[in-house]
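S.K.: Attaching a predicted model along with its sequence, questions to come.
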Amino acid sequence: MTSAPTRFSVVLPVRNGWPYVQECVESILAQTYPHFDLIVLDNQSTDQTVPWLKSQNDSRIRLYGSSSSLSIVDSWARAVGVEKQEYMTLIGHDDLLDPGFLTAINDSIDRYPDAKLYQTGSRLIDTVGETIRSCRAVPERETPAQYIEGRFTYRRDITGTGVVFRSAEYDRLGGIPRFERLFFADDALWLSLMKGGYKAFAPAELCSIRMHPKKESTTKPSSWPSLLLALNQFAEFLQDYVPSDAQAKAAVAQYGPSFMLKYHRNLYILALLEACQLGRTINPATTERFAASLKKCAPAVDGSLRKSPKVALVEALNASPARSLALGLWNIYHRLWMQAQ
């Protein structure tokens, strides 16, 4: 007796995703594995996204609209409320799946039926789809502790695309955590789904993550308040997560303080640059806000926020009449960062 095939749902939240969404959808529909559907959660797009989707007349596409304009958090939250196949994956409208992606995932499920998550290798691409570099590989069987170590030592490329999991578990958790603008929400989701188990990783590069200036996760000076809030939400999540996992707790204790210190310093620099953009020195209350946040997230490195040559340089520029130079340095750095990604 032949068993029923494994079925997948690819969930695509989108708002004004043209033209990238066309290429994204076409890459999904081109899967060599036939047993899947595509759930599009449109958030009142006003570009060509919806008309083009409707013109496809493809029974595999299930299009859901919204009666009002939603935040990115509320838009992605709708993935819990729709009917899905046994397994699901989330994808950004600017990312791509190779034709063999679902086939490789199905093979991984057969090989590791007890895994909690499944992931393939991936690559970063630019605005025109040219490969920038391969994403960093992870262990074939990755535990929560290994994930935390890799994340906190900056040896992971964190993305919401290319990871597959059981739809029932996703719904049981309530979907992706409602972190500010979904920053760090992927981390918390993967760790929650992986809890008590492991993620199976197939190294073949079978999806593409697009890097471009308009990407939601692209860092810019004005984004620091949202990033700082989400970082605190992630720290609180970890505090609740680790008591039941001794290895994860040890990883957070070993690598967490340096990660939190580095991240707070980077966000503080963004705040300094925002002040430079506004033509003023940074508000002392903002500096105190960062210090208090670091003390809360990583007491072991309390008082270390400003003990950095890079921070001291940007502080000095912000305090001087030549503060506009900081913006020029930032623009050069950001261009190089985008190219390096």
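M.R.: Cool, got the structure. Residues are numbered from 1 along each chain as shown.

S.K.: residue boundaries of the helices in the stretch 151-300 of the chain?
M.R.: Secondary structure of the stretch 151-300 of the chain (DSSP state H, counting those that start in this stretch): helices at 167-173, 185-194, 224-241, 246-277, 284-297.

S.K.: Buried residues of the second one, list them for me.
M.R.: So the one you mean is helix 185-194. By neighbour count with 16 or more other CB atoms under 10 Å, helix 185-194 contains the buried residues 185-194. C-beta coordinates here come from the backbone N, C-alpha and C atoms, glycine included.

S.K.: contacts for it?
M.R.: For helix 185-194, the surrounding residues in contact (CB atoms under 8 Å, 6 or more residues apart in numbering) are 116-117, 142-144, 147-148, 151, 158-160, 163, 165, 169-170, 173, 176-179, 199, 230, 234, 237, 241, 248.

S.K.: what's the model's confidence in that helix, averaged?
M.R.: The average of the pLDDT scores along helix 185-194 is 97.

S.K.: Restricting to C-alpha, output that helix in PDB.
M.R.: Taking C-alpha atoms only, helix 185-194 is exported to PDB below (Å, rounded to 0.1, in the frame of the first residue of the first chain):
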ATOM      1  CA  ALA A 185      11.100  37.000  15.600                       C
ATOM      2  CA  ASP A 186      12.700  34.400  13.300                       C
ATOM      3  CA  ASP A 187      15.200  33.500  16.000                       C
ATOM      4  CA  ALA A 188      12.500  33.100  18.600                       C
ATOM      5  CA  LEU A 189      10.300  31.100  16.200                       C
ATOM      6  CA  TRP A 190      13.000  28.700  15.200                       C
ATOM      7  CA  LEU A 191      14.000  28.100  18.800                       C
ATOM      8  CA  SER A 192      10.400  27.600  19.900                       C
ATOM      9  CA  LEU A 193       9.800  25.100  17.100                       C
ATOM     10  CA  MET A 194      13.100  23.300  17.700                       C
END
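
S.K.: before we move on, the earlier item: and which of the buried residues of helix 185-194 is nearest Glu86?
M.R.: Proximity of the buried residues of helix 185-194 to Glu86 (CB to CB) peaks at Leu193, which lies at 14.5 Å.

S.K.: Roughly how far does the closest one sit from Thr153?
M.R.: When distances are taken as CB to CB, to the nearest Å, Leu193 and Thr153 turn out to be 22 Å apart.

S.K.: can you check Ala200 too?
M.R.: Shown here: Ala200 relative to Thr153, a distance of 22 Å by CB to CB.

S.K.: now do Asp94
M.R.: Noted for Asp94: a distance of 27 Å to Thr153, by CB to CB.

S.K.: Settle it for me: which of those two has more neighbours?
M.R.: Neighbours per residue (other CB atoms under 10 Å) separate Asp94 from Thr153, with Asp94 holding more: 23 against 13.

S.K.: Buried only: go through the contacts of helix 185-194 for me.
M.R.: With burial judged by 16+ other CB under 10 Å, the buried subset of the contacts of helix 185-194 is 116-117, 142-144, 147-148, 151, 159-160, 163, 165, 170, 173, 176-177, 179, 199, 230, 234, 237, 241, 248.

S.K.: per the record, what domains does this structure have?
M.R.: In the domain annotation for the chain, the residue ranges read 8-210, 221-340 (automatic domain parsing).

S.K.: Tell me the gap between the last one and the middle of its chain.
M.R.: Domain 221-340 has its average C-alpha position 18 Å from the chain's average C-alpha position, going by CA atoms, centre = their mean, to the nearest Å.

S.K.: same thing with the longest one?
M.R.: Going by CA atoms, centre = their mean, the spacing between the C-alpha centre of domain 8-210 and its chain's C-alpha centre is 10 Å.

S.K.: Next, the distance between the ends of it.
M.R.: With CA to CA, to the nearest Å as the measure, the first residue of domain 8-210 is 23 Å from its last.

S.K.: Low-confidence ranges, this protein, go.
M.R.: 1-2, 213-219, 332-341 (pLDDT under 70).

S.K.: hang on, isn't Arg62 packed against Val40?
M.R.: Yes - in this structure, Arg62 is within contact of Val40 by CB atoms under 8 Å, at 7.0 Å.

S.K.: The two - which one has more neighbours?
M.R.: The neighbour comparison of Arg62 against Val40 (other CB under 10 Å) goes to Val40, with 24 against 16.

S.K.: The helix or strand containing that one pairs with which strands?
M.R.: When elements are assigned from DSSP states H and E, Val40 belongs to strand 36-42. In the sheet containing strand 36-42, its partner strands are strand 8-14 (parallel), strand 61-64 (parallel), by DSSP bridges.
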